[in-house]
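Peer 1: just coords:
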């Protein structure tokens with residue numbers, strides 16, 4: 001009896017420590033994303049997004065500025081700006097909040113990879129990596145849809161894992177949640193279809209395994225129809241955008257350059273100083289790979305591991321094939337693999353505990369150390385638009401908001417006088 005009581009006390013203490021660590025890491029992630037949030041002026045991509053979002057809801061879907069993006073993010077940003085305003089700080093706060101939520105969901109994904117203490121360690125380590133990711137920080141401090149998409153895909157992944165878990169007694173609410181989040185991700189960015197297609201292969205393998213094959217296939221068909229039905233109203237917009245979109249400013253890299261640029265951006269950030277590249281590249285390569293080899297010897301949930309492993313590989317490979325036809329490359333367009341990368345890296349770090357118990361945290365501290373120069377560079381040195389170009393953009397937004405929200409003709413006339421030669425030309429977003 002005393003032994004059971006001691007074991008229960010130990011488990012409760014461990015859970016308390018986990019919750020305290022989780023709270024502290026989330027607060028640190030939030031504080032980092034708020035750091036100098038409005039220090040840099042609004043740049044062109046952000047200006048276009050805000051410009052669309054502050055219009056009446058009925059005008060958003062048909063706005064030509066949508067370019068190659070579906071409307072859900074702009075609807076969400078519209079509601080946000082109605083509550084918080086459309087200043088640089090207020091509009092970026094939505095991305096910052098989504099960035100912290102994405103990190104929290106990454107913790108939950110990693111925690112689901114292993115049972116008991118290894119799972120708790122994997123979740124917290126993944127949260128550390130997500131919290132200090134230079135690339136995640138950069139996206140969380142810009143008024144764009146990428147952190148919002150990470151949240152939707154992570155929520156969809158957690159829902160489908162729960163729906164396919166044998167221990168789940170009532171799976172249909174989780175299937176419904178999966179359909180909602182999957183449709184929402186498609187209505188936020190078209191590239192998420194690559195991730196969902198990879199998941200579709202994983203789901204098909206799940207459905208064909210075991211005696212309940214017919215029931216599972218019927219369930220997948222219904223979920224697929226529900227997802228398609230939710231996306232159906234936006235289909236005419238998608239067909240119009242995808243058919244005509246072309247961005248001459250984006251160049252197609254060869255395969256080694258493609259992989260190198262993604263690795264550089266997602267591991268060390270796009271503004272990593274040269275002084276950290278030599279060490280950081282090898283550290284981010286050897287630590288997760290070596291840890292994964294060791295972690296594979298530990299108890300793990302193969303069902304979850306298969307989905308998370310397919311997530312990045314199933315996204316990056318078809319995206320490159322599409323690049324060869326459309327030449328539209330930027331790491332952010334396939335940054336939807338990041339939640340899986342953080343979860344897998346956190347799980348891989350736990351493997352090092354086989355050699356020395358504190359080693360995962362020591363190595364995580366090393367990865368944090370090589371990220372610090374990149375974080376500093378992004379917060380203090382990276383520039384988007386020169387101040388003389390950003391000022392007319394900001395004035396342009398002020399006038400448009402005046403015209404849209406009040407209908408004053410003076411706003412329209414002054415808005416027309418904002419000179420296009422100031423650099424308000426189009427660009428990728």
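Peer 2: Done, it's in. Just so you know, these numbers come straight off a predicted model, no measurement behind them.
Peer 1: Every contact and neighbour count from this point should use C-alpha atoms.
Peer 2: Noted.
Peer 1: does residue 252 count as helix, strand or coil?
Peer 2: Assigned by DSSP: H, G, I helix; E, B strand; the rest coil, the conformation of residue 252 is coil.
Peer 1: Return the residues in contact with the residue nearest the centre of the chain.
Peer 2: Nearest to the geometric centre of the chain sits residue 150, at 2.7 Å (CA atoms, centre = their mean). For residue 150, the contact set (CA atoms under 8 Å, 6 or more residues apart in numbering) comprises 99, 102, 336, 338, 339.
Peer 1: Over to residue 342?
Peer 2: By CA under 8 Å, 6+ apart, the contact list for residue 342 reads 106, 110, 126, 127, 129, 130.
Peer 1: show me the contacts for the first one.
Peer 2: Residue 106 makes contact with 123, 126, 127, 130, 154, 339, 340, 342, 343 under the criterion CA under 8 Å, 6+ apart.
Peer 1: same thing but at 10 Å, please
Peer 2: 100, 112, 123-127, 129-130, 150-151, 154-155, 158, 338-344, 346 (CA atoms under 10 Å, 6 or more residues apart in numbering).
Peer 1: Buried ones in whichever helix or strand residue 152 is part of, by neighbour count?
Peer 2: Per DSSP states H and E: residue 152 is located in helix 146-163. Of the residues in helix 146-163, 146-163 count as buried by neighbour count, 16 or more other CA atoms under 10 Å.
Peer 1: Now for residue 321, how many residues are close by?
Peer 2: 12 (other CA atoms under 10 Å).
Peer 1: give me the element it is part of.
Peer 2: Going by DSSP H and E, residue 321 is part of helix 302-326.
Peer 1: just checking, next helix/strand downstream of that helix?
Peer 2: helix 338-350.
Peer 1: Report the distance from that next one to the chain centre.
Peer 2: Centroid separation for helix 338-350 versus its chain: 14 Å, with CA atoms, centre = their mean, to the nearest Å.
Peer 1: Ok, stretch 195-207 next?
Peer 2: From the chain centre to the centre of stretch 195-207 is a distance of 20 Å (CA atoms, centre = their mean).
Peer 1: same check, this time on stretch 140-153
Peer 2: 5 Å.
Peer 1: quick one: terminal-to-terminal distance for it?
Peer 2: 16 Å (CA to CA, to the nearest Å).
Peer 1: Now do it, average pLDDT.
Peer 2: Regarding stretch 140-153, the rounded mean pLDDT is 96.
Peer 1: Ok, stretch 296-316 next?
Peer 2: The model assigns stretch 296-316 a mean pLDDT of 92.
Peer 1: Could you list the buried residues of it?
Peer 2: Quick answer for stretch 296-316 (16+ other CA under 10 Å): 300, 304, 305, 307, 308, 310, 311, 312, 314, 315, 316.
Peer 1: Same check on stretch 37-49?
Peer 2: 37, 38, 40, 41, 42, 43, 44, 45, 46, 47, 48, 49.
Peer 1: Check the spacing between residue 32 and residue 87 real quick.
Peer 2: The gap separating residue 32 from residue 87 is 19 Å, by CA to CA.
Peer 1: who has more neighbours, those two?
Peer 2: Using other CA under 10 Å as the criterion, residue 32 and residue 87 rank with residue 32 on top: 20 against 16.
Peer 1: State the helix or strand in which the more buried one lies.
Peer 2: With DSSP H and E as the test, residue 32 turns up in helix 2-34.
Peer 1: tell me the mean pLDDT over that helix?
Peer 2: The pLDDT scores in helix 2-34 average 81.
Peer 1: Tell me the first helix or strand C-terminal of it.
Peer 2: For helix 2-34, the following helix or strand on the C-terminal side (DSSP H and E) is helix 44-53.
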